[in-house]
Every structure is written in structure tokens, then in C-alpha cells.
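Q: Model the following, please.
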Amino acid sequence: MNHLTFRQYDALESAIVHARRVAIFRRGTEYIVIPQRLRSANAREAVDVLHPTTGEEMTLFLDEIERLEVVAT
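A: Prediction:
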């Protein structure tokens, strides 16, 4: 089980507030998305994200995230 660092949590929260894109790596796949909100789902932390190109809404669980980076604008 992976855990985000305090810096990653801060970066994620800042990206939500400022609508910045983030790169999330999960199960060998990179997602470039815009995080919408953090929430708890079935005793797990999750982030609801929006794919900027397709408009698809997704839910990614934080314990599945391998790496998270804010994309420079």
C-alpha cells in the first residue's frame, strides 16, 4: 500500500484549489488530470479527477497512486 507524503498532499490540495493539472502514476499508467476533490470512499481516501481532453470523470484511490507530480503551467 502506497501513501502520499505531506508534500504530495499539499501539492494535491493546491492543485485542487488552483485547478492545476497533475500527473498521477498508477499501475504503470500515467494520467494527466485535473483534480476536483478529495474524499473518503469505503474507508479509503480518493481523489475525483477530470480528464482535460475527454471530460471523463474518474475516481483514483490514493493508496493505489505510485507517484504524483503537479504539472508546470
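Q: Show me where the protein has its helices.
A: Ranges of helices in the chain, per DSSP state H, are 6-18.
Q: For the top strand by length along the chain, name the packing helices and strands.
A: Ranked by residue count under DSSP state E, the longest strand found in the chain is strand 29-41. Contacts of strand 29-41 with other secondary structure elements, assessed using 3 or more Cβ pairs under 8 Å, 6 or more residues apart in numbering; DSSP states H and E, are made with helix 6-18, strand 22-26, strand 44-50, strand 57-61. Every C-beta, even on glycine, is put in place using the N, C-alpha and C of the backbone.
Q: Format these as CSV; extra columns: mean neighbour count.
A: As requested, the helices and strands packed on strand 29-41 are arranged in CSV below (neighbours: other Cβ atoms under 10 Å):
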stretch, mean neighbour count
helix 6-18, 14
strand 22-26, 17
strand 44-50, 18
strand 57-61, 14
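Q: Make a markdown table from the ones you listed and add mean pLDDT and distance to Ala72 to it.
A: Below are the helices and strands packed on strand 29-41 laid out as a markdown table (pLDDT from 0 to 100; distance: least, Cβ to Cβ, whole Å):
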| stretch | mean pLDDT | distance to Ala72 |
| --- | --- | --- |
| helix 6-18 | 92 | 12 |
| strand 22-26 | 94 | 10 |
| strand 44-50 | 95 | 18 |
| strand 57-61 | 95 | 21 |
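Q: I'd like the ones you listed laid out as TSV, including distance to Arg37.
A: Below are the helices and strands packed on strand 29-41 laid out as TSV (distance: least, Cβ to Cβ, whole Å):
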stretch	distance to Arg37
helix 6-18	6
strand 22-26	13
strand 44-50	5
strand 57-61	10
